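> Sequence plus predicted model, see below.
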Amino acid sequence: MTAISADDGATTTGSGNADGSGNRAPSPDAVLIRRTLAEIEPVADDVTSYFYALLFLHNPELREMFPPAMDAQRDRLFGALLTAAEHIDDTVTLTEYLSHLGRGHRKYGTLPHHYPAVGEALMYALERYAHRSWSPEVEGAWVRAYTAISQTMIDAAAEDELRAPPWWNAEIISHERRTSEVAVVTVRPDQPYPYRAGQYASVETPWWPRVWRYYSFASCPRSDGLLSFHIKAVPAGWVSRSLVHRARRGDMIRLGPPAGSMAVDHSSTRGLLCVGGSTGIAPIKALVEDVAEHGRRRPVEVFFGANRDADLYDLDSFLDLERRHPWLSVRPVVAQLATRGIAGQLPEAVRQFGPWREFDGYLSGPPQMIRKSVDALVSSGIPQDRIWHDFLGTLVSSGR
Ligand SMILES: NC(=O)C1=CN([C@@H]2O[C@H](COP(=O)(O)OP(=O)(O)OC[C@H]3O[C@@H](n4cnc5c(N)ncnc54)[C@H](O)[C@@H]3O)[C@@H](O)[C@H]2O)C=CC1
């Protein structure tokens, strides 16, 4: 599995080379597409605005599928298309990414006949802003890429329609403030919601219609069907601030389909080295519960990082799990003025306790932490292809 880091559901799991293109020479179409991308890069904002202006001018009926205020959404669809085109040679990763994107678009009400309208606006925007490199050959490369991209999305949506609703309504049945900025929110979906520990879902609140943000499930699937999320109110995070400061028991939210391929490999006998920073600890908790419930017993080492002691908002429940499971070891790591656990940054702490040759790595947290932790794990003996992570924080549009 390789990493494409883009937007709406482009959340990436696994590892491998960074651009997913392998070491092969790029195809002629990929060369032309990348030339266009290089030309529009310095004026990316203008291209994006022009793309949406054209799209809505010619197809006003599409406007209501996007949030009332476009700031948060602006880059998403357009950014996803450009990312996909850039990786057009990497069929396996691209198909996975686009299938997810296509399934995720069901919740917006996207239908197959909307795709040509988007393609048209895309071509006009590229032609206008990449006029130096634009030619019939370049246009041909983009048409072929967009046709392949849209068909993969349409096929995935059609297949998904046979087995799952476009979204789930879910009632908040508990809202627990753990710190001034972090809440643990538990919801009951209106119909069964199948997912695996380590996955995540997009969430929409009633206060910001059509603005969706991703959160990991903080527990493995439960017999009562309830789902938990750990939410941190980030500055300018419309959805996260609403979920932490405004949401109450009884409020209804909507959930998109589960996504992500970070998962415990139950056939492996290796240990799990789990590194979670702040609310990135949520999927780690689900993975630990998964091992406890289903897996064969093997060492699980958890490093839970926070900036301050007070931010270790879920440490007690991890320590409780540690008391019940002899195979589990939990170490808090605190960056500033630590009075408990290990003082310092997560990647250094993990390195210090290595080597980790007999372990698989699971990472979750802010992007910088993940990048440095990948380096720490690799230098501690875990090969790249046994390191799993989701780049929830690096989606093109920031804020959650
Ligand atoms: N809520 C959820 O379900 C999930 C959230 N996440 C991500 O978790 C992140 C939580 O972020 P914040 O609370 O802002 O993190 P934070 O600023 O509180 O830091 C969390 C941990 O990462 C370490 N860290 C931060 N920057 C670092 C750097 N440059 N080098 C080394 N270590 C570093 C900190 O020392 C701390 O241990 C967000 O990026 C979010 O997208 C990831 C998965 C699930």
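Received it, and whenever you're ready, just let me know what you need. Numbers count the residues shown, from 1 in each chain.
> Establish whether the strand or helix carrying Pro347 and the ligand are in contact.
With elements taken from DSSP states H and E, the one containing Pro347 is helix 346-352. Yes - contact of helix 346-352 with the ligand (CB under 6 Å from any ligand atom) involves Leu346, Pro347. C-beta here means a position set from N, CA and C on the backbone, and glycine is covered the same way.
> Next secondary structure element downstream of the helix ranked longest in the chain?
Assignment by DSSP state H gives helix 136-161 as the longest helix of the chain. The C-terminal neighbour of helix 136-161 among helices and strands, as given by DSSP H and E, is strand 168-177.
> Enumerate the positions of that following strand that are buried.
Trp168, Ala170, Ile172, His175 (16 or more other CB atoms under 10 Å).
> farthest-separated two in those?
Trp168 and His175 (18.4 Å; CB to CB).
> Distance check, the closest residue to the ligand within the stretch 51-200 of the chain against Ser364.
Closest residue of the stretch 51-200 of the chain to the ligand, CB to the nearest ligand atom: Tyr200 (6.5 Å). Counting by CB to CB, to the nearest Å, the separation of Tyr200 from Ser364 is 10 Å.
> more crowded one of the two?
Taking neighbours as other CB atoms under 10 Å, Tyr200 and Ser364 compare with Ser364 leading, 30 against 25.
> and the nearest residue to that one once chain neighbours are set aside, what does it touch?
Setting aside the residues directly before and after it, Ser364 is nearest to Gly280 in space (CB to CB, 6 or more residues apart in numbering), at 3.7 Å. Going by CB atoms under 8 Å, 6 or more residues apart in numbering, Gly280 touches Ser216, Leu363, Ser364, Gly365, Pro366, Met369, Leu392.
> Cross these against helices and list the overlap.
Met369.
> Using just helix, strand and coil, how would you label Val184?
strand (DSSP: H, G, I helix; E, B strand; the rest coil).
> Show me which residues of this structure sit near the ligand.
So the chain meets the ligand at 215-216, 229-232, 277-280, 282-283, 305-307, 311, 333, 335, 345-347, 364-366, 368-369, 372, 390, 392-393, 400 (CB under 6 Å from any ligand atom).
> let's go with 5 Å and repeat that
Residues of the chain lying close to the ligand (CB under 5 Å from any ligand atom) are 215-216, 230, 232, 277-280, 282, 305, 307, 335, 345-346, 364-366, 368-369, 372, 392-393.
> Can I get the buried residues of strand 168-177 in JSON lines including pLDDT and distance to Ile154?
Shown next, in JSON lines, are those (pLDDT from 0 to 100; distance: CB to CB, whole Å):
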{"residue": "Trp168", "pLDDT": "97", "distance to Ile154": "22"}
{"residue": "Ala170", "pLDDT": "98", "distance to Ile154": "27"}
{"residue": "Ile172", "pLDDT": "98", "distance to Ile154": "34"}
{"residue": "His175", "pLDDT": "98", "distance to Ile154": "38"}
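> can you put those in CSV and add distance to Val288?
Listed next are the buried residues of strand 168-177 as CSV, based on distance: CB to CB, whole Å:
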residue, distance to Val288
Trp168, 25
Ala170, 24
Ile172, 24
His175, 23
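> Name the residue of the stretch 301-400 of the chain that lies nearest to the ligand.
Counting by CB to the nearest ligand atom, the stretch 301-400 of the chain gets nearest to the ligand through Gly305 (2.4 Å).
> before we move on, what SS does that residue have?
Gly305 is classified as strand under three-state DSSP.
> Give the bridge partners for it, please.
Gly277, Val333 (DSSP bridges).
> where's stretch 278-293 relative to the chain centroid, distance-wise?
Computed by CA atoms, centre = their mean, to the nearest Å, the chain-centroid distance of stretch 278-293 equals 16 Å.
> Just the buried residues of that stretch, please?
Neighbour counts over stretch 278-293 (16+ other CB under 10 Å) mark 278-292 as buried.
> and the residue nearest to Ser364, that's in a helix?
Yes - counting by three-state DSSP, one finds Gly280 located in a helix.
> could you measure it against Thr179, distance?
With CB to CB as the criterion, Gly280 and Thr179 are 15 Å apart.
> Likewise for Ser228?
16 Å.
> Which of these two has more residues huddled nearby?
Per other CB under 10 Å, whichever of Ser228 and Thr179 has more neighbours is Ser228, with 19 against 15.
> quick one: contacts for Ser202?
Residues counted as contacts of Ser202 (CB under 8 Å, 6+ apart) are Asp8, Gly9, Gly104, Lys107, Trp212, Arg213, Tyr214, Leu255, Gly256, Ala259.
> Isn't the fourth one up against Val211?
Spelled out, it's Lys107. No - taking contacts as CB atoms under 8 Å, Lys107 lies outside contact range of Val211: 11.9 Å.
> can you list residues touching both of the two?
Glu204.
> tell me the domain ranges of the chain?
28-161, 168-255, 271-394 (automatic domain parsing).
> and the end-to-end length of the second one?
As for domain 168-255, its first-to-last residue distance stands at 5 Å under the measure CA to CA, to the nearest Å.
> quick one, helices of this protein?
28-40, 44-58, 76-86, 91-104, 115-129, 136-161, 238-241, 281-293, 315-324, 346-352, 367-379.
> Among those, show the one with the smallest mean pLDDT.
Across these, helix 76-86 has the smallest mean pLDDT, namely a mean of 83.
> how about it as CSV, C-alpha atoms only?
The C-alpha trace of helix 76-86 is given here as CSV (Å, rounded to 0.1, in the frame of the first residue of the first chain):
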residue,chain,number,x,y,z
ARG,A,76,-11.3,19.4,-2.0
LEU,A,77,-12.8,18.0,-5.2
PHE,A,78,-10.4,19.9,-7.4
GLY,A,79,-7.4,18.9,-5.3
ALA,A,80,-8.5,15.3,-5.4
LEU,A,81,-8.8,15.3,-9.1
LEU,A,82,-5.3,16.8,-9.6
THR,A,83,-3.8,14.4,-7.1
ALA,A,84,-5.4,11.4,-8.9
ALA,A,85,-4.2,12.7,-12.3
GLU,A,86,-0.7,13.1,-10.9
